[in-house]
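**Q** sharing a model prediction with you, sequence too.
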Amino acid sequence: MIASHSVLRRPLLAAVIGASCTMPVLANADINPEFFGYARSGIGSTSGGGSQTCFKSAGAPAKYRLGNECETYAEIGLGAQLYQQQDTTFDFASRVAYVTAQDNDDESLQDDDNNISLREMYVSGTNVVGGLPGATLWAGKRFYKRHDIHMNDFYYWDVSGPGVGISDIDVGTGKLSFAWTRSEGNDDGDGLFPDSGQQISDDTLDARWTDIPVNPGGSLQLGIDYGRSSLPDWQQEYYDDQGVDYDEGDKGWMGTIEHTQSDWFGGTNTFAVQYATDGIITRDNNAVGRGTGTLRQEGSMWRVLDHGQIWLAPDKLDMLYALVYEDKDMDDNTGRKWFSAGVRPVYYWNDIMSTAVELGYDRIEPQGGVTGYDDSDHHLTKLTIAQQWSAGRGAMIRPTIRLFATYAKWSGDAYTEARDPSSLDIGAGGSNNVDFDDTDGLTFGAQMEVWWGS
Amino acid sequence: MLSSYRLAVPLSTLMIALAGCSTPLMAPHAPTIPASEGQHALESSADCCTSLASLPYQPITAQQTLTLNFTPQTPVHDFGDGKSFFHAFELPRNNGPVTLSVTSPVRDGQVFAPTIMILDSAFQPIRKVSSDALTVRRPTGFSTARLGGQFSVTPGPNAQYLVIYSSDADRQASTTYESEEKAYARVRGLAEPAGPDPRAVHTATGEVTLEIASLTGSTGMAPMIGDTPAPIPEATGPRPQATAPAPAPVSNTADFDYRRMIDAALKAGDVELALDLAERAERSGHPGTRAWLADRLQAKMP
């Protein structure tokens, strides 16, 4: 507060003097820090005893998140505009992300569930390239134009990482962006490398044509990502010696077509189709579109999704919804089909208080070669009711404090004999306090969620 | 299967939560009046006053934050450039320069776009800042998109009254602002939502926050730069205030009170500016100012 106070006052004082004397203006290039970020945290319990269990279908890359997040997660960002002359600007941004299991007060990073990671550290210059007005040149680590479904925290197009690029080149019809990003991986977990610390460099080249107007309120974007492992001579020789064929599996590409409709029942709708091949297909995790560090992953993936927000009754009732179908067909039969659907209607009692209900369903149909979780078809349904207090009306309005109760039901036992997760994946940060042989569970608790920026 | 005791705790938690439904946590701000309804109310309201001199001026102090509601119950006057709901104030005398900050939030795609008018003691308008000189502030996650501006004025016979209203020109314009979804995308490093930014219509009704703050923090101080209000460029906004008159250059700086300015800078926590001022004072024939500032700084140290 004190800092912003003096920042505001200073140009005023300077200008009072500047306006009244023949002295030159005093104002220097001040740095006005931008503080931005996101956080969620809370407390929960599992009915029957123990801390909160979070319900996720085994093998699914996402779970419906309302009243179903067991960790504390935060991103703290600091940045500043460092230069501005006419339309030319240079901006710096940084971001550190924190995740803890939300177990106690003093949570050590030595605990597997806890982490601090440096997610962003980059500079962007707008209007710095002659002949490309409005374009932004950037370099450094960053979140790069990530595409996600908010209600299940699923990132379906995310090539973030260290990189360089030029974005938003105005081509008359829409904008073009190009980027080169890096995502190192460790050799498929086979431990073939003599030293486990040795990594494979994966490059992703990303090209997007965005903001193409196609219909009133609607716009299209097309993207293509090419990923490949960049093997130095010694790694190639090493794999040749081991008899590993890396000709196909170390590279892949992904195409994305996405249509966004605004003025859609008071909100927006996004529809996307994606196709990916071989090495660019992420195994079970969230981000897709970047190299994965695998050399022998061959196959293809189709994905169709639709998600958005609509107002069913203006200012009274809105709804988030999501629909995903993904078919991962791997040559070694380790893929799976994933079907996911969810709705989150929220009724606003007034500007502050609302009641949210979230119903989510995930179904997994593994291919024959899947091991590590229930290799037969299985599914999980969750239902959450939450009373929320927020800083306004609308699905994306935060801060929010919510009290929730979540009920989930799934097929199959929670654990197999060997205590491997089967139909239920408790996810990071969670604990499985569901009893043996149970096929359903109930949790309750409280959570806050907030984002901010300047 | 779920036995009943397992349901008891979470369900009772939920019952308690739901019990709160009938009692709102806090009173929400006034509901937004639809644009057409507000405009109609304005047109059908009678002019409260025959002249600018007969407006209901309320005295304000030099340290005050007011929430001004422009509703069908607010007084109406035709200001020549438009009939409008308005609020009128008498500025505090003998306080030295003050800063006036106005903020008008965008709510439900509507915003009240204010003109700020300063009148002299004879009720003659001497300065107008219309809404196109205000800047659009982005939503931050803690506050919605809003129009905002800040300028300074030295109350005195030449600047005695303040009126906030909305002219016809203000209401014919509209404000393009960043949506909450776009702000969220920017803050989270997501792809920005496609499509144009939303546009807020300028309405006859709305809410404006007026913050008045003494620039020096002192009272009873003689006007710093004569009685002429010094127009202040927007602190952060990219657009110049087109309506502000050009500053009158003051050629004689002999009676320019550097020490008072330095005091003001120190009060504002700006040591760098204070040092700069001391340097200038030295150069323009006020020897000893630097040493005096050094004493002041030492006195301030714990």
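**A** Right, received. Where do you want to start? Numbers count the residues shown, from 1 in each chain, chains lettered A, B, ... in the order given.
**Q** ok, now which ones touch the residue of the stretch 1-150 of chain A found nearest chain B?
**A** With CB to the nearest CB, the shortest gap between the stretch 1-150 of chain A and chain B falls at A:Phe143, namely 2.5 Å. Quick note: C-beta positions are derived from backbone N, CA and C, even for glycine. Shown in contact with A:Phe143 (CB atoms under 8 Å, 6 or more residues apart in numbering or on different chains): A:95, A:119-120, A:158, A:160, B:188-190.
**Q** these in helices, which ones?
**A** In this view, those that belong to helices under DSSP state H are B:Arg188.
**Q** out of the contacts of A:Phe143, who's nearest A:Gly369?
**A** A:Asp158 (26.7 Å; CB to CB).
**Q** and the closest one, how far from A:Tyr275?
**A** To A:Tyr275, A:Asp158 is 17 Å away according to CB to CB, to the nearest Å.
**Q** do the same with A:Leu137
**A** From A:Leu137 to A:Tyr275 the distance is 30 Å (CB to CB).
**Q** pull the residues that contact the helix or strand hosting B:Gln64.
**A** Per DSSP states H and E: B:Gln64 is located in strand B:63-70. By CB under 8 Å, 6+ apart, the surrounding residues in contact with strand B:63-70 are B:30, B:60, B:85-87, B:112, B:164, B:166, B:204-214.
**Q** name the residues of stretch A:347-356 that come out as buried.
**A** A:347-349, A:351-356 (16 or more other CB atoms under 10 Å in any protein chain shown).
**Q** in the stretch 151-300 of chain B, what residue spans correspond to strands?
**A** Assignment of strands within the stretch 151-300 of chain B using DSSP state E, counting those that start in this stretch yields the ranges B:161-165, B:174-176, B:199-202, B:206-214, B:224-227.
**Q** which stretch among these comes nearest chain A?
**A** Nearest to chain A, of these and by CB to the nearest CB, is strand B:224-227 at 4.7 Å.
**Q** for A:Leu137 and A:Tyr275, indicate the residue with more neighbours.
**A** Per other CB atoms under 10 Å in any protein chain shown, whichever of A:Leu137 and A:Tyr275 has more neighbours is A:Leu137, with 17 against 14.
**Q** coming back round to it: now, which of the buried residues of stretch A:347-356 lie close to chain B?
**A** Filtering the buried residues of stretch A:347-356 for neighbours of chain B using CB under 8 Å from any CB of the partner chain leaves A:349, A:351-353, A:355.
**Q** low-confidence ranges, the stretch 201-302 of chain B, go.
**A** Applying pLDDT under 70 to the stretch 201-302 of chain B flags the ranges B:217-256, B:299-302.
**Q** tell me where it has helices.
**A** B:258-267, B:271-283, B:289-300 (DSSP state H, counting those that start in this stretch).
**Q** and if you look at chain A?
**A** Using DSSP H, helices in chain A cover A:2-20, A:233-242.
**Q** what residues sit buried inside the last one?
**A** Yep, that's helix A:233-242 we're talking about. Result for helix A:233-242 [16+ other CB under 10 Å]: buried residues A:235, A:238-239.
**Q** list the contacts of B:Ala53.
**A** B:Phe123.
**Q** quick one: it is in a helix?
**A** Yes: under DSSP: H, G, I helix; E, B strand; the rest coil, B:Ala53 sits within a helix.
**Q** distance check, it against chain A.
**A** Applying CB to the nearest CB, to the nearest Å, the value for B:Ala53 to chain A is 30 Å.
**Q** kindly report the same for B:Gln73.
**A** 21 Å.
**Q** related to what we said a few turns ago, can I get the ones next to chain B among the buried residues of stretch A:347-356 in JSON lines including distance to B:Ala133 and pLDDT?
**A** Output for those, formatted as JSON lines (distance: CB to CB, whole Å; pLDDT from 0 to 100):
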{"residue": "A:Trp349", "distance to B:Ala133": "39", "pLDDT": "96"}
{"residue": "A:Asp351", "distance to B:Ala133": "30", "pLDDT": "87"}
{"residue": "A:Ile352", "distance to B:Ala133": "34", "pLDDT": "92"}
{"residue": "A:Met353", "distance to B:Ala133": "38", "pLDDT": "96"}
{"residue": "A:Thr355", "distance to B:Ala133": "43", "pLDDT": "98"}
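**Q** between those, which is closest to chain B?
**A** Distances from chain B to those, taken by CB to the nearest CB, are shortest for A:Asp351, at 3.6 Å.
**Q** the closest one against A:Gly394, yeah?
**A** No: A:Asp351 is not in contact with A:Gly394 according to CB atoms under 8 Å; the separation is 10.3 Å.
**Q** show me the shaky parts of the stretch 101-250 of chain A.
**A** Ranges of the stretch 101-250 of chain A meeting pLDDT under 70: A:186-198, A:248-249.
**Q** which bits of it sit near chain B?
**A** Residues of the stretch 101-250 of chain A lying near chain B (CB under 8 Å from any CB): A:120, A:142-148, A:157, A:160, A:210-211, A:217-219, A:221.
**Q** now, the residues you listed that are in strands?
**A** Here DSSP state E is the test, and these give A:120, A:142, A:147-148, A:157, A:210-211, A:218-219, A:221 as lying in strands.
**Q** nearest residue to B:Thr209 other than its sequence neighbours?
**A** Of all residues not flanking B:Thr209 in the chain, B:Thr103 sits nearest, at 4.5 Å (CB to CB, 6 or more residues apart in numbering or on different chains).
**Q** quick one: end-to-end length of stretch A:366-379, please.
**A** For stretch A:366-379, the first-to-last residue distance is 11 Å (CA to CA, to the nearest Å).
**Q** please spell out which residues along that stretch are buried.
**A** A:366-367, A:370, A:373-375, A:378-379.
**Q** in strands, which of the residues you listed appear?
**A** A:366, A:378-379.
**Q** reformat those residues as TSV; add pLDDT and distance to B:Glu37.
**A** TSV is the format used below for those (pLDDT from 0 to 100; distance: CB to CB, whole Å):
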residue	pLDDT	distance to B:Glu37
A:Pro366	90	59
A:His378	89	55
A:His379	91	50
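**Q** who does the residue nearest the centre of chain A bridge with?
**A** With distances taken as CA atoms, centre = their mean, the residue of chain A nearest its centroid is A:Tyr155 (4.3 Å). For A:Tyr155, the beta-bridge partners are A:Asp148 (DSSP bridges).
**Q** great, nothing more from me.
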